[in-house]
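Undergrad: Whatever this is, show me its structure:
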Amino acid sequence: MRGPGNDGRETDFTAYVRARQESLTRFAYLVSADLETAKDLVQIALTKAYLHWDRICTLDAPDAYIRRIIVNEHVSWWRPAWRRREVTNTPLVELSDHSSAEHEPHDPELWRHLTTLSPMQRATLVLRYYEDLSEAQTAEYLGCSIGSVKTHTSRGMSHLRSLLKEAPL
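TA: You can find the predicted model right below:
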């Protein structure tokens, strides 16, 4: 399906992937709490983005669009088990070193507790406090109401507080 106009598209997309893949993988890792899942999420998101790259590349914030794909894929309850076991070793995925995505968090105890949250609570907290998005922006990313964002944020923070209170000093 290569046409005369596809070379520029592929070059632009490849340049985008090389520039943003590490950041997207780090974001997916924060959302999923698992490096292999993060790699899968980024690969799925980039595959979907490539199919619509002509439209996505004209957006003011293509990263936001691709992050939304990552979040939507992650919180999807119907994800088949084979996607979680998929090995990502294509040349496009191997372009950058993903070691920075799995670096030791600043607070290992907090990170361990963060991984106990539901995918939606974790996604909400990552979007609100790591990505520093507003409640409205987070709701748009997740495709839910602002009230749902408030609920997931409140429940997630409450759960984290209770776990941190129970932890021995």
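
Undergrad: what's the average pLDDT for the longest helix seen in the chain?
TA: When the chain is parsed with DSSP state H, its longest helix is helix 6-32. Averaged over helix 6-32, pLDDT sits at 88.

Undergrad: So the spatially most central residue of the chain versus L114, what's the distance?
TA: By CA atoms, centre = their mean, the chain has its centre lying nearest to A28, at 2.9 Å. For A28, the distance to L114 (CB to CB, to the nearest Å) stands at 14 Å. Using the backbone N, CA and C atoms, a C-beta is placed for each residue, glycine as well.

Undergrad: dump the residue contacts of H113.
TA: By CB atoms under 8 Å, 6 or more residues apart in numbering, H113 lies in contact with 159-160, 163-164.

Undergrad: Please state the backbone phi and psi of it?
TA: phi -70, psi -40 (degrees, to the nearest 10).

Undergrad: just to revisit the earlier point, okay, and which of the contacts of H113 map to helices?
TA: Per DSSP H, helices hold the following members of those: 159-160, 163-164.

Undergrad: Which of those residues sits closest to T11?
TA: T11 lies nearest to L160 out of those, by CB to CB, at 43.9 Å.

Undergrad: about what we covered before: of the ones in helices among the contacts of H113, buried ones?
TA: Among those, those classed as buried by 16 or more other CB atoms under 10 Å are 159-160, 163.

Undergrad: pLDDT weak spots in this protein?
TA: Residues of the chain that meet the criterion pLDDT under 70 lie in 1-6, 77-106, 167-169.

Undergrad: What about W111, how many residues nearby?
TA: Other residues near W111 number 13, with proximity taken as other CB atoms under 10 Å.

Undergrad: what's the helix or strand for it?
TA: Using DSSP states H and E, W111 sits in helix 108-114.

Undergrad: tell me which residues in that helix are buried?
TA: Quick answer for helix 108-114 (16+ other CB under 10 Å): 113-114.

Undergrad: so who does the nearest residue to V75 once chain neighbours are set aside touch?
TA: Computed as CB to CB, 6 or more residues apart in numbering, the closest residue to V75 that is not its neighbour in sequence is P119, at 4.9 Å. P119 is in contact with 31-32, 74-75, counting by CB under 8 Å, 6+ apart.
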